[in-house]
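K.L.:
No letters, just coordinates:
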């Protein structure tokens, strides 16, 4: 892919998402495997690029692949973790629901009894 439409597109999207657009660095390399775009952003902006459960990063990767398909190239995106950044430890959630539910949840029967007393 001679034209760098993928790089221009990524730069446009990322600058719109982050708070520190001047800290963006995009490197593009082409080899026999296809195009590899490496993105480096300010550590404060990592969450905005990755998104909740990685959805933003997945969407950006999907759009880059579509641009690559239009130009007969396989485009991959690598997001560099900035130096000195720390990820919070992942905690396992209990299966079957949200961990934010109050521990004093009443059963339906208990709630009905409370309503009858009013």
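P.N.:
That came through fine. Just so we're clear, the structure is a prediction, and the values are computed from it rather than from any experiment.

K.L.:
Next up, the contacts around the closest residue to residue 50 other than its chain neighbours.
P.N.:
Spatial nearest neighbour of residue 50, excluding adjacent residues (Cβ to Cβ, 6 or more residues apart in numbering): residue 57 at 5.0 Å. To be clear about C-beta, it is placed using only N, CA and C from the backbone, and glycine gets the same treatment. Listed by Cβ atoms under 8 Å, 6 or more residues apart in numbering, the contact set of residue 57 reads 49, 50, 51, 77, 79.

K.L.:
State the distance from the second one to residue 79.
P.N.:
The reference is to residue 50. For residue 50, the distance to residue 79 (Cβ to Cβ, to the nearest Å) stands at 7 Å.

K.L.:
thinking again about what came up before, could you check the helix or strand the residue nearest to residue 50 falls within and say which residues are buried?
P.N.:
In the assignment (DSSP states H and E), residue 57 maps to helix 55-70. By neighbour count on 16 or more other Cβ atoms under 10 Å, the buried set for helix 55-70 is 56, 57, 60, 61, 63, 64, 65, 67, 68.

K.L.:
will you turn those into CSV that also has pLDDT?
P.N.:
Shown next, in CSV, are the buried residues of helix 55-70 (pLDDT from 0 to 100):
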residue, pLDDT
56, 94
57, 94
60, 95
61, 95
63, 94
64, 93
65, 93
67, 92
68, 91
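
K.L.:
Mind putting the residues you listed into CSV with distance to residue 7?
P.N.:
Below are the buried residues of helix 55-70 laid out as CSV (distance: Cβ to Cβ, whole Å):
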residue, distance to residue 7
56, 18
57, 17
60, 13
61, 14
63, 13
64, 9
65, 14
67, 10
68, 11
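
K.L.:
Closest to residue 34 out of these?
P.N.:
Comparing the buried residues of helix 55-70 against residue 34 with Cβ to Cβ places residue 68 closest, at 7.2 Å.
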